[in-house]
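Chemist: Let's see this in three dimensions:
(one chain, ligands or ions: 1)
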Amino acid sequence: MEIVSALKKICPKNFISKKEDLYVYAHDTSRNPDKLILPLCVVFPTNSAEVSKIVCACAKYKTAIIPRAQGTNHCGATRPSENSVVVHFSKMDKIININKENLTATVEAGVVIGKLNKELEKLNLFFPPDPSNLAVSTIAGAIALNSGGPRTFKYGNTKDYVINLEVVLPNGEIIETSKNIAKNVTGYNLTSLFVGSEGTLALITKATLKLIPMPEARLLTLAYFDNIIDCVKCVNNIINKGFIPSTLDLLDSVTLKTIENFNPCNLKVDKNALLIELDGFKSCIAEQLKILKEILIASGAENIVQTSNEVENENIWRARRSAFSALSQLKPNVITEDIVVPRDKIVDIVLKIQELSKKYNIITAIMGHAGDGNIHPNFALDLENEIENKNFEKLKDELFNYAVKIQGVPSGEHGIGTDKRKYLDIALDKKTHNLMKQIKNFFDKDNIFNPNKAI
Ligand SMILES: Cc1cc2nc3c(=O)[nH]c(=O)nc-3n(C[C@H](O)[C@H](O)[C@H](O)COP(=O)(O)OP(=O)(O)OC[C@H]3O[C@@H](n4cnc5c(N)ncnc54)[C@H](O)[C@@H]3O)c2cc1C
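Modeler: Have a look, this model is predicted:
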């Protein structure tokens with residue numbers, strides 16, 4: 001095939017096309033597609049000029065490009081379509097520059113977020129967005145999905161930390177969206193347009209990120225509640241007293257039990273918990289911990305565990321980050337969903353999830369970034385079982401319809417990808433959706449960048 005030979009010429013050493021090697025790139029962390037589509041080949045460019053050449057070749061042969069980082073998204077955002085090639089950014093993984101005075105870092109697309117934060121720690125700096133799997137997920141993946149994570153409530157999500165992007169457009173042109181400066185209203189905000197666009201408008205090759213100084217200390221509190229409703233109501237009790245915790249996450253009893261079984265770390269099972277992280281100056285945290293405890297007790301917390309050092313923090317974070325893997329003990333498949341509702345509707349959505357899980361007999365573990373109204377129900381099931389599979393589809397339809405009815409949306413941080421496009425008709429106003437389609441058409445009239453995703 002001409003496109004395959006053309007790409008092999010551009011990246012002769014960083015190219016694969018053997019059928020057995022391509023299977024892995026037909027999947028991501030989302031459920032397996034009904035029909036597996038293999039890409040024609042996978043190329044691993046090492047610089048922006050190569051990316052541009054790849055795009056020009058694909059434009060010439062009208063071949064779709066599936067941009068891919070580590071494939072850890074949950075929504076089929078890197079699933080190949082017919083006649084497509086995967087452009088994999090793992091070989092563009094250099095931290096180009098960290099500027100302590102300007103509080104910026106310029107990095108290549110494939111830099112792993114955890115690796116960047118390790119380098120930043122040495123300089124007492126911090127990049128807050130953390131898609132909970134920062135040991136593997138990358139800057140470009142997080143930008144393309146506008147990833148959030150447990151620290152969004154206080155610090156915002158990825159969009160709040162991207163100040164300039166180098167991107168390759170569908171005609172092969174390389175442009176910068178801004179300058180490496182903190183503020184810029186000179187023209188349209190193209191940076192924001194590309195953040196969250198799921199690789200459908202441009203390929204990100206470099207990003208300049210905003211950094212902040214590392215907080216002096218962080219301490220975690222795990223507050224256990226017998227009743228999930230008290231646990232959820234406590235979120236607003238904390239905020240209304242003036243607290244802006246860096247994490248305000250919910251873990252229900254199924255989640256706690258499964259984590260403890262998988263990775264024993266003295267979690268109290270048969271309870272529901274709020275995981276609360278306070279950060280800042282040591283002296284302030286000590287004072288805040290006292291007040292926080294009073295709020296938790298007044299809200300009905302049965303048991304409160306507070307860490308006192310970084311080792312104890314790390315143990316709890318490790319447990320929290322293992323939740324998704326832990327759930328795979330229960331059934332062959334685990335599917336994570338992502339719903340955001342206004343914070344005063346979290347109780348309603350949690351009750352709805354429990355009701356639907358009972359109605360359709362599907363094991364459900366509820367967790368989420370409750371401070372943002374962002375709930376992740378994790379469904380453990382066997383997708384090979386036809387009845388469970390059908391029930392799960394019905395459950396999802398009812399759940400997302402309900403979420404939209406109470407002013408929520410079907411994704412706050414995992415993206416739409418392929419899997420959630422069917423909910424866009426209920427989640428977006430028709431005129432708004434049409435405008436999005438026109439934007440896509442303006443940038444990419446031949447629809448070669450990640451087709452059938454995002455909008
Ligand atoms: C255990 C687990 C926990 C998670 N928890 C959270 C969480 O708490 N919060 C959260 O927000 N997310 C969470 N995620 C999902 C998260 O969104 C992704 O893991 C991550 O942000 C992107 O990962 P990635 O680098 O693997 O990108 P991929 O999955 O490879 O790609 C993601 C998107 O980016 C596009 N893309 C990749 N590279 C480029 C590029 N160079 N140019 C243009 N587009 C590109 C892809 O086409 C795709 O649309 C979790 C995932 C797992 C597995």
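Chemist: buried sites along stretch 64-82?
Modeler: Going by neighbour count (16 or more other C-beta atoms under 10 Å), the buried part of stretch 64-82 is 64-80. Bear in mind the C-beta positions are built from the backbone N, C-alpha and C, glycine included.
Chemist: Where does pLDDT dip in the stretch 301-450 of the chain?
Modeler: Along the stretch 301-450 of the chain, no part satisfies pLDDT under 70.
Chemist: helix or strand for the residue of it found nearest the ligand, which one?
Modeler: Nearest to the ligand in the stretch 301-450 of the chain, going by C-beta to the nearest ligand atom, is E413, at a distance of 3.3 Å. Taking DSSP states H and E as the definition, E413 sits outside all helices and strands.
Chemist: Just give the number of residues close to the closest residue to it other than its chain neighbours.
Modeler: What sits nearest to E413 in space, not counting adjacent residues and going by C-beta to C-beta, 6 or more residues apart in numbering, is G148, at 3.6 Å. The number of residues packed near G148 is 26, by other C-beta atoms under 10 Å.
Chemist: correct me, but G148 touches G371?
Modeler: No. The criterion here is C-beta atoms under 8 Å, and G148 misses it with G371 at 10.7 Å.
Chemist: Give the other helices and strands that the strand or helix carrying I349 contacts.
Modeler: Following DSSP H and E, the helix or strand that holds I349 is helix 346-359. Of the remaining helices and strands, those touching helix 346-359 by 3 or more C-beta pairs under 8 Å, 6 or more residues apart in numbering; DSSP states H and E are helix 228-240, strand 363-369, strand 374-381, helix 386-405.
Chemist: swap the cut-off to 6 Å and go again
Modeler: Of the remaining helices and strands, those touching helix 346-359 by 3 or more C-beta pairs under 6 Å, 6 or more residues apart in numbering; DSSP states H and E are helix 228-240, helix 386-405.
Chemist: Buried residues in it, which are they?
Modeler: Residues of helix 346-359 classed as buried by neighbour count (16+ other C-beta under 10 Å): I346, V347, D348, I349, V350, K352, I353, L356, S357.
Chemist: How about stretch 155-164?
Modeler: Within stretch 155-164, the residues that qualify as buried are Y155, N157, T158, K159, Y161, V162, I163, N164, counting by 16+ other C-beta under 10 Å.
Chemist: Need phi/psi at the third one.
Modeler: Meaning T158. phi -60, psi -40 (degrees, to the nearest 10).
Chemist: show me the residues around it that make contact.
Modeler: Contacts for T158 (C-beta atoms under 6 Å, 6 or more residues apart in numbering) come out as P129, A142, I143, N146, S147.
Chemist: Need the nearest residue in space to the first one, chain neighbours excluded.
Modeler: Translated: P129. The shortest distance from P129 to any non-neighbouring residue, by C-beta to C-beta, 6+ apart, is to T158 (4.5 Å).
Chemist: Pull the distance from stretch 290-306 to the chain's centre.
Modeler: Centroid separation for stretch 290-306 versus its chain: 30 Å, with C-alpha atoms, centre = their mean, to the nearest Å.
Chemist: And it, what's buried?
Modeler: L292, I295, L296, S299, G300, A301, I304, Q306.
Chemist: Make sure the fifth one is indeed in a strand.
Modeler: It refers to G300. No. The assignment for G300, made by DSSP: H, G, I helix; E, B strand; the rest coil, is coil rather than a strand.
Chemist: which ones are touching it?
Modeler: F225, D230.
Chemist: next one: the last one
Modeler: Applying C-beta under 6 Å, 6+ apart, one finds that Q306 lies in contact with T221.
Chemist: beta partners for it?
Modeler: Beta-bridge partners of Q306, counted by DSSP bridges, are T221.
Chemist: So which bits of the stretch 201-350 of the chain are right by the ligand?
Modeler: For the stretch 201-350 of the chain, the residues in contact with the ligand (C-beta under 6 Å from any ligand atom) are L203, I204, F324.
Chemist: Surely the first one touches V168?
Modeler: Yes. Between L203 and V168 there is a contact under C-beta atoms under 6 Å: 4.5 Å.
Chemist: any shared contact partners between these two?
Modeler: By C-beta under 6 Å, 6+ apart, the residues touching both L203 and V168 are V51.
Chemist: Can you tell me the SS state at P215?
Modeler: Relying on three-state DSSP, one would call P215 coil.
Chemist: tell me the contacts of it?
Modeler: Residues in contact with P215 (C-beta under 6 Å, 6+ apart) are D279, G280.
Chemist: Distance check, it against H27.
Modeler: Per C-beta to C-beta, to the nearest Å, P215 is found 38 Å from H27.
Chemist: what's the answer for F400, then?
Modeler: Using C-beta to C-beta, F400 is found at 23 Å from H27.
Chemist: Same check on A286?
Modeler: As defined by C-beta to C-beta, A286 lies at a distance of 47 Å from H27.
Chemist: between these two, who's got more neighbours?
Modeler: Legend: neighbour count by other C-beta under 10 Å for A286 and H27, higher for H27 (16 against 12).
Chemist: Can you tell me the closest non-neighbouring residue to the more buried one?
Modeler: Nearest one to H27, counting by C-beta to C-beta, 6+ apart, is G71 at 7.1 Å.
Chemist: And what about that neighbour, helix, strand or coil?
Modeler: G71 is classified as coil under three-state DSSP.
Chemist: ranges for the helices of the stretch 1-150 of the chain?
Modeler: When secondary structure is read from DSSP state H, counting those that start in this stretch, the stretch 1-150 of the chain shows helices at 2-10, 19-22, 48-60, 113-122, 139-145.
Chemist: any idea how far stretch 368-376 is from the chain center?
Modeler: Chain-centre distance of stretch 368-376: 13 Å, with C-alpha atoms, centre = their mean.
Chemist: Name the residues that touch it?
Modeler: Counting by C-beta under 6 Å, 6+ apart, 150, 152-153, 235, 248-250, 336, 338-343, 346, 349, 367, 412 sit against stretch 368-376.
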